[in-house]
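> Turn this into a structure:
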Amino acid sequence: MCKEHQNYSDIVIVGGAMAGGMQAVSLASTGLSVRLLDAGPPPQMPEGPCATRVVALNEASQHMLEHLGVWALMPQERIQPYDKMQVWDGNGEVFFDGPELGAAQLGYIVENNAVAAAMYRWVEQSDANIKWQNHEHIVRFERTSEGWRLITNTEQEYYCALLIGADGARSSVRQAVGIAGVPEFSGHIAIVGAIRTENPHGNCARQRFLETGPLALLPAAGDGHDVSIVWSLVPEEAKRLFALSEAEFNRELTLASEHCLGELALETQRAQFPIHYFHASQYHRPQVALISDAAHVVHPLAGQGINLGLLDAAVLAEEIQRALDRGLPFVHLSVLERYERRRRFHNGSMVRALKGFKLLFEQRSLEWRWLRNTGMRWVN
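Numbering: from 1, shown residues only. Have a look, this model is predicted:
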């Protein structure tokens, strides 16, 4: 009986980082035994200059993390709130001011590793029945009469009743259970990095749409002159800019930003990665659920990807708790069906909206530009 095996857990989460960590933490109150298996090393709290990969957490995500006790474990000096947002292209502009809208903050810019490391620390300090194991890559998935048998690269065997895939856009869990969906290249390569600005960012998140793709300038924690960039570019332009010297890149970046923060200069090495769209054909199979990038991937131009993923984890944990409260098995098919109903339409709408938003800003005809700029002025 796999339930009697020493490596049995009620739930196994495949994939660490933010989504997997959120799922583990949000399941703590259910009383179920949870094991998180991640192929990489334990997440480390960042030090020094801002890391190249950051996320924009909205108010809902911040409230969830605060409620769970994770927010307090992140160094507050590495959290940058922003209360203004400016979006513009050659002719139109939209400007949001949080206080004018009755919101103290519009969101928070935080390094990916800071969020994941806080979740890891929460699990380490908790007395909940959660085990977070790193350097464990699953090489074989096998169905059993009671759930799943998982075999890792270390030749360990793990058993569970419910398997949750939080292992990214090329999810091995999704592939193992045969859920359809192939990531689609968006046509953009993102160049990311931390920069120093001549003028203070003023707690404002900025994004300029250029013909080659959007440039996001996200305020980072520090003395007011630290900013994280996400520059989405067509492949040829990304290749050209990535090959430039640091001084040449700084000059191009400053010009692309229209000097909105004065002279800009790289503070870290640049990194680049392709941007994909993706939406799985379904979010569950019997005794399997997918969350976050394993289920859906959106363009980063609106900074919503991880917010959708964190909400997936929270809703799945809520549905599991609902089943336990009603005396239903936590792996009951209705639990996974309810989770999918609550999340798939919302996530799919976001995937389609951001895809359309990107296409709209790529149109160069006078008619489309007039329509877009009129719309931006109306929204403003």
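> Identify the residue nearest the geometric centre of this protein.
In the chain, the centroid-proximal residue (Cα atoms, centre = their mean) is Ile306; its distance is 2.5 Å.
> and Asp167, what helix or strand is that in?
If you go by DSSP states H and E, Asp167 is not part of any helix or strand.
> count of neighbours near it?
28 (other Cβ atoms under 10 Å). In this view, the C-beta of every residue, glycine as well, is placed from N, C-alpha and C.
> per-residue pLDDT, the closest residue to it other than its chain neighbours?
Once flanking residues are discounted, Asp167 sits nearest to Gly15: 3.4 Å by Cβ to Cβ, 6 or more residues apart in numbering. Model confidence at Gly15, given as pLDDT, is 95.
> cool, Arg377 as well?
Note on Arg377: pLDDT of 55.
> Arg143 now?
Note on Arg143: pLDDT of 94.
> Repeat that for Glu337.
97.
> ok, for it, nearest residue in space, not its chain neighbours?
Excluding the flanking residues, the one nearest Glu337 by Cβ to Cβ, 6+ apart is His284, at 7.1 Å.
> Quickly list what that neighbour is bridged to.
Beta-bridge partners for His284, by DSSP bridges, are Ala289.
> Please determine how far it is located from Gln175.
15 Å (Cβ to Cβ, to the nearest Å).
> Same drill for these two, tell me which one is more crowded.
Between His284 and Gln175, counting by other Cβ under 10 Å, His284 is the more crowded of the two (23 against 14).
> got a list of what the more buried one touches?
Residues near His284 by Cβ atoms under 8 Å, 6 or more residues apart in numbering: Leu290, Leu336, Glu337, Tyr339, Glu340.
> Repeat that for Ala221.
By Cβ under 8 Å, 6+ apart, Ala221 lies in contact with Cys50, Glu77, Arg78, Ile79, Gln80, Ile109.
> Look up phi and psi at the last one.
Okay, so that is Ile109. Dihedral pair for Ile109: phi -100, psi 120, per degrees, to the nearest 10.
> Can you show me the strands along the stretch 251-380 of the chain?
Assigned by DSSP state E, counting those that start in this stretch, the strands in the stretch 251-380 of the chain fall at 264-266, 271-279, 284-285, 288-290, 296-297.
> Out of these, which gets nearest to Pro183?
Pro183 sits nearest to strand 271-279 of all the strands of the stretch 251-380 of the chain, at 3.9 Å, using Cβ to Cβ.
> who touches the closest one?
Outside strand 271-279, the residues that touch it by Cβ under 8 Å, 6+ apart are 52-53, 169, 181-186, 188-193, 232, 238, 242, 293, 295-300, 347-348, 351, 355.
> Buried residues, that strand. List them.
Across strand 271-279, burial judged by 16 or more other Cβ atoms under 10 Å covers Gln272, Ile275, His276, Tyr277, Phe278, His279.
> Which strands border it, and is each parallel or antiparallel?
Note on strand 271-279: by DSSP bridges, its sheet partners are strand 184-197 (antiparallel), strand 296-297 (antiparallel).
> Quick one: closest of those strands to Trp148.
strand 296-297 (22.7 Å).
> Mean confidence (pLDDT) on the closest one, please.
The model assigns strand 296-297 a mean pLDDT of 89.
> about what we covered before: could you dump the buried residues of strand 271-279 to JSON lines with distance to Asp97 and pLDDT?
JSON lines is the format used below for the buried residues of strand 271-279 (distance: Cβ to Cβ, whole Å; pLDDT from 0 to 100):
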{"residue": "Gln272", "distance to Asp97": "33", "pLDDT": "94"}
{"residue": "Ile275", "distance to Asp97": "29", "pLDDT": "86"}
{"residue": "His276", "distance to Asp97": "33", "pLDDT": "85"}
{"residue": "Tyr277", "distance to Asp97": "31", "pLDDT": "82"}
{"residue": "Phe278", "distance to Asp97": "34", "pLDDT": "86"}
{"residue": "His279", "distance to Asp97": "33", "pLDDT": "89"}
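> so where is the stretch 151-300 of the chain shaky, pLDDT-wise?
Residues of the stretch 151-300 of the chain that meet the criterion pLDDT under 70 lie in 300.
> Pull up the gap between His259 and Leu101, please.
27 Å.
> ditto for Met64
Distance, Met64 to Leu101, using Cβ to Cβ: 21 Å.
> higher neighbour count, those two?
Legend: neighbour count by other Cβ under 10 Å for Met64 and Leu101, higher for Met64 (20 against 9).
> Next up, the contacts around that one.
Met64 neighbours (Cβ under 8 Å, 6+ apart): Met22, Ser26, Leu310, Leu311, Ala314.
> Pull the contacting residues for the last one.
Applying Cβ under 8 Å, 6+ apart to Ala314 gives the contacts Met22, Ser26, Met64.
> what's the answer for Arg206, then?
Arg206 makes contacts with Met85, Gln86, Val87, Ala216, Leu217, Leu218, Ser257, Cys260, Leu261, as judged by Cβ under 8 Å, 6+ apart.
> The helix or strand harbouring the fifth one: what's the following helix or strand?
Read that as Leu217. For Leu217, the enclosing helix or strand under DSSP H and E is strand 213-219. Note on strand 213-219: by DSSP H and E, the next helix or strand toward the C-terminus is strand 226-233.
> what pairs with that next one, and is each one parallel or antiparallel?
Sheet pairing for strand 226-233, assigned by DSSP bridges, gives strand 184-197 (antiparallel), strand 213-219 (antiparallel).
> Inside strands: which ones of the contacts of Ala314?
With DSSP state E as the criterion, strands contain none of those.
> would JSON lines of these with distance to Val331 and pLDDT be doable?
Converted to JSON lines, those look like this (distance: Cβ to Cβ, whole Å; pLDDT from 0 to 100):
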{"residue": "Met22", "distance to Val331": "20", "pLDDT": "97"}
{"residue": "Ser26", "distance to Val331": "17", "pLDDT": "97"}
{"residue": "Met64", "distance to Val331": "24", "pLDDT": "96"}
